[in-house]
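> Got a sequence here, can you build the structure:
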Amino acid sequence: MEESLITLNGREAALLAGALSIFGFWSFEQPAARALVTTDMRRRVSPVGDAVYSRWQARLKVARLWYPPDMGTPELVAQRGTVPDAVVVRSSELDVAIAALTLVDLEFSSNWDRFLGLAPGPLEWYGLDRTDVGLLQARLEAGRVAAWEVTLNGKEAALMVGALAIAASDLVGNQDAIELPTQPCHEPFDATGREIDRRWQSRMNGAGLGLPRFAPFTPEFVQRRGQIQDALVITGDEIEDAITGLDITMLEFARSWGEFCMVATSMHEFYGVVPGDLAVLRAKLQARDPGRGGQGPRTRSRSLASYAFLRPPFTLQFPYMTEDKLRAYAAWFHDVTPARIAELARAIQRTPGFEGWQPDRSPSSLEGLGQWLQAQAEADDPGGEVADAGDAALADELVNRTLFLGMDLGMYVAEVVLRNLLCIRWHQVFWDEQCADYGQPVLIGPGMAPINPVRLMAIQAYRAIRRQPIDLRGLYDDWEKMDTPCVNLT
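Below is the predicted model:
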C-alpha cells in the first residue's frame, strides 16, 4: 500500500524533531499531558523520531547545510529553516508526530523557553514559538484526514452505489457473501449507500447532469456522468463499508455479471462497467483504508458505521484567527450543539445494550456515556491487540475515528454540567494568546479552573482506545465538589 507523504520545511522539521525528542525522554508533569502518554506510544516514538531525524539529516547534507551542533550559527540555522523540502513525514508516522506536538503544547504552554532549552539543537534560532506548534499540528491532521479520503469518478461512483445497494438488499444468496460481514450487514450498508448516493446525485446536479424527470436515460447522457472526475468523495468508515460491499458483489455475481447490471439501479451497462472494474475499485479503496492492509474484512463498531462526524467550517488554528472569527466559531459551536447531541444519541441507541440510553442531561447519564465510549474501543479492537502492541496502521485509524467524537462528547458533557451546576457558565478565552484554550469555549465557575470540555473529552476518548479507565461521572462529581455559591465572574 502506497503511503501518503507530507513535506515539511526546515523550521517545521526542526520543531517536529524537537517534539519527538522531548516525547522520548521527558517525564511529563502536566496531568493532561501525562494522560496521553502510553507505554505503546513511548515504544513507537523512538523509531519514528530516529527515522524523521535521519531523513532530515540526509536532506541537509545534500543542501550542504549539515554541520556538528557546536558549529552552528544563527545565519546557518536561518538557511536551514528556509529549505522547503527538509523532511517528509509518512502517514504511518502521523499519529506519533501529532501526539508529540500535542504533548509539547500541553506541557510547555506556560513556559515555552523551557521547551527550547530541553530540545536538542538551537531551536530558538529558528524563531519558533508556541503558535508554530498549532500550525504544524493542523497541517499533519489535515494530511491524516486526506489519507482517509478517496475521490471517485462518475463511473466508479455508479459502481459503488450499485454494490452498496446490493449489499443492503435481500438479494444476496451466495453463502460466502452472506457470511462475509462480521456483523449484520443490511442497516449499515443501507445507511452508507444512501448517504453516498445523496452526495453523488448532488454533485451530478451541480454539473447539470441530474436525473431527468420526464425523459429516459440515454447512453450519451450516462457516459457524460461517467466522465466526471470528481463525482464522489468517500471517507473514513464509508471506505470500509464500500470495500465489503464490493466483496459481497464480486462473490454474488461472479458468474452472472449481466444480472448485476440488471439488478443495480444506475444503468451500469451504459457506463461500460465490466467485472474487472470491481477489483480495480476495491484496490483503489483499500490503498486508502489504513485498517485493511490487504487483510480483508474485520470487526468494527457498527454503531459508528453511519455516524455523521462533525466537520467544522473553520481552520481551528485558534491563535491565528481574528477575534471576530473566534466569536463566529463560538456562535457556530453553540448553534450546532443540539444537532450534534442528537447524532451522538442516535449512535449510542443503535448500539446493542445501550438502546435505552437517553440524553437527559443528568449526571447519571454520564455513566452510560462512559461505558459506551469504552465499548467502541473494545468493539474496534477485541482483546486490545492493536492498542497494546499490534497493527500501527489500525491503531492510527482507531485514534482518528474515536477522537473525532471528542467535540460531540464535549458538547454533551458541557450540557450536563450547565444543567446541574447552576454557577457554571460558558466563557471564551481572550485574555492570554499563549493559553492552550485561547479563543475556545470553556466552562468557568467560582473556585474552579476553566474547563475545555472538547479537549477533556478528546483525552478521555484516547484513554478509552488505550484501555485506560475512564470515569465521566467521577469527573462530574469532582466539579460538583468545587461548585460554590454564585459570584459575579465578569
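> Run the chain-centre distance for the longest helix along the chain.
When the chain is parsed with DSSP state H, its longest helix is helix 323-349. How far helix 323-349 lies from its chain's middle: 17 Å, per CA atoms, centre = their mean, to the nearest Å.
> and that helix, which residues are buried?
326, 329-330, 333, 336-337, 340-341, 343-345, 347-348 (16 or more other CB atoms under 10 Å). For glycine as for every other residue, the C-beta is placed from the backbone atoms N, C-alpha and C.
> Could you check how far the closest residue to Tyr67 other than its chain neighbours is from Arg55?
Nearest residue to Tyr67 in three dimensions, chain neighbours excluded: Leu76, at 6.7 Å (CB to CB, 6 or more residues apart in numbering). From Leu76 across to Arg55, the span is 20 Å (CB to CB, to the nearest Å).
> now swap in Gly134 and tell me
Gly134 is 24 Å from Arg55, by CB to CB.
> out of the two, which sits in the more crowded spot?
Ranked by neighbour count (other CB atoms under 10 Å), Gly134 and Arg55 place Gly134 first, with 20 against 17.
> Next one: the more buried one, what pLDDT does it get?
On the pLDDT scale, Gly134 is placed at 82.
> next one: the one 3 residues further on
Per-residue confidence (pLDDT) for Gln137: 83.
> Would it be right to say that it lies in a strand?
No: Gln137: not assigned to a strand; according to DSSP: H, G, I helix; E, B strand; the rest coil it is helix.
> That one touches Leu101, doesn't it?
Yes: look at Gln137 against Leu101 with CB atoms under 8 Å: they come within range, at 4.8 Å.
> who has more neighbours, the two?
Neighbours per residue (other CB under 10 Å) separate Gln137 from Leu101, with Leu101 holding more: 25 against 20.
> who's in contact with that one?
Going by CB atoms under 8 Å, 6 or more residues apart in numbering, Leu101 touches Leu15, Leu16, Ala19, Val133, Leu136, Gln137, Leu140.
> so which of those residues would you say is closest to Ile470?
The closest of the contacts of Leu101 to Ile470 turns out to be Gln137 (CB to CB; 23.5 Å).
> where's the residue nearest to Leu405 when sequence neighbours are not counted, which helix or strand?
The shortest distance from Leu405 to any non-neighbouring residue, by CB to CB, 6+ apart, is to Ala461 (5.7 Å). Here Ala461 sits within helix 453-465, counting by DSSP states H and E.
> just the angle between that helix and helix 323-349, please?
40 degrees (axes from the mean of the first three to the mean of the last three CA atoms, to 10 degrees).
> and the angle for whatever helix or strand comes next after helix 453-465 with helix 453-465?
Later in the chain than helix 453-465, the nearest helix or strand by DSSP H and E is helix 472-482. Computed by the same axes, to 10 degrees, the angle separating helix 472-482 from helix 453-465 equals 140 degrees.
> how far does helix 472-482 sit from the chain's center?
The answer for helix 472-482 is 28 Å, by CA atoms, centre = their mean.
> What helices and strands are in contact with it?
Secondary structure elements in contact with helix 472-482, counted by 3 or more CB pairs under 8 Å, 6 or more residues apart in numbering; DSSP states H and E, are helix 365-380, helix 406-420, strand 448-451.
> quick one: contacts for Tyr53?
Ala17, Leu20.
> which element follows the helix or strand encompassing it toward the C-terminus?
Tyr53 belongs to helix 39-62 when assigned by DSSP H and E. Counting by DSSP H and E, the element after helix 39-62 in chain order, helix or strand, is helix 74-81.
> tell me which residues in that next one are buried?
Val77, Arg80, Gly81.
> May I have the secondary structure class of Ile444?
Per three-state DSSP, Ile444 ends up strand.
> The closest residue to it other than its chain neighbours pairs with what?
Once flanking residues are discounted, Ile444 sits nearest to His427: 4.5 Å by CB to CB, 6+ apart. Per DSSP bridges, the residues bridged to His427 are Val442.
> How many neighbouring residues does His427 have?
18.
> Please name the residues that touch it.
Contacts of His427 by CB under 8 Å, 6+ apart are Pro441, Val442, Leu443, Ile444, Pro450, Leu489.
> Kindly state the pLDDT recorded for the residue nearest to Tyr67?
89.
> residues touching the residue nearest to Gly368 when sequence neighbours are not counted, list them.
The shortest distance from Gly368 to any non-neighbouring residue, by CB to CB, 6+ apart, is to Trp357 (4.7 Å). Counting by CB under 8 Å, 6+ apart, Trp357 touches Ala345, Ile348, Gln349, Ser365, Gly368, Leu369, Trp372.
> what does Gly154 give?
Met204, Arg225, Gly226, Gln227, Ile228, Gln229, Ala231, Tyr271.
> how far away is it from Arg455?
Gly154 is 41 Å from Arg455, by CB to CB.
> try Ala414
As judged by CB to CB, Ala414 and Arg455 stand 12 Å apart.
> next one: Ser202
34 Å.
> and if you look at Arg80?
Taken as CB to CB, the span from Arg80 to Arg455 is 33 Å.
> now the helices for the stretch 201-350 of the chain?
For the stretch 201-350 of the chain, the helices defined by DSSP state H, counting those that start in this stretch occupy 219-226, 236-252, 257-263, 268-271, 276-286, 323-349.
> Could you name the helices and strands sitting against the second one?
Packed against helix 236-252, as judged by 3+ CB pairs under 8 Å, 6+ apart, are the following elements: helix 154-167, helix 175-179, helix 186-206, helix 276-286, helix 392-403.
> now with 10 Å?
Counting contacts by 3 or more CB pairs under 10 Å, 6 or more residues apart in numbering; DSSP states H and E, helix 236-252 is packed against strand 149-152, helix 154-167, helix 175-179, helix 186-206, strand 232-235, helix 257-263, helix 276-286, helix 392-403.
> got a list of contacts for the fifth one?
I take that to be strand 232-235. 145-146, 148-154, 156-158, 160-161, 192, 195-197, 199-204, 238, 241-242, 285, 288, 309, 311 (CB atoms under 10 Å, 6 or more residues apart in numbering).
> And stretch 458-475, what's buried?
Buried-residue list, stretch 458-475, by 16+ other CB under 10 Å: 458-466, 470, 472-473, 475.
> Going by distance to Asn111, which of the residues you listed wins?
Ile459 (20.7 Å).
> isn't that closest one right up against Gly406?
Yes: when contacts are counted by CB atoms under 10 Å, Ile459 is listed as touching Gly406 (8.1 Å).
> if we can go back for a sec, got JSON lines for the buried residues of stretch 458-475, with pLDDT too?
Shown next, in JSON lines, are these (pLDDT from 0 to 100):
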{"residue": "Ala458", "pLDDT": "78"}
{"residue": "Ile459", "pLDDT": "79"}
{"residue": "Gln460", "pLDDT": "83"}
{"residue": "Ala461", "pLDDT": "78"}
{"residue": "Tyr462", "pLDDT": "72"}
{"residue": "Arg463", "pLDDT": "76"}
{"residue": "Ala464", "pLDDT": "77"}
{"residue": "Ile465", "pLDDT": "69"}
{"residue": "Arg466", "pLDDT": "69"}
{"residue": "Ile470", "pLDDT": "86"}
{"residue": "Leu472", "pLDDT": "92"}
{"residue": "Arg473", "pLDDT": "91"}
{"residue": "Leu475", "pLDDT": "88"}
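> Cheers, nothing more for now.
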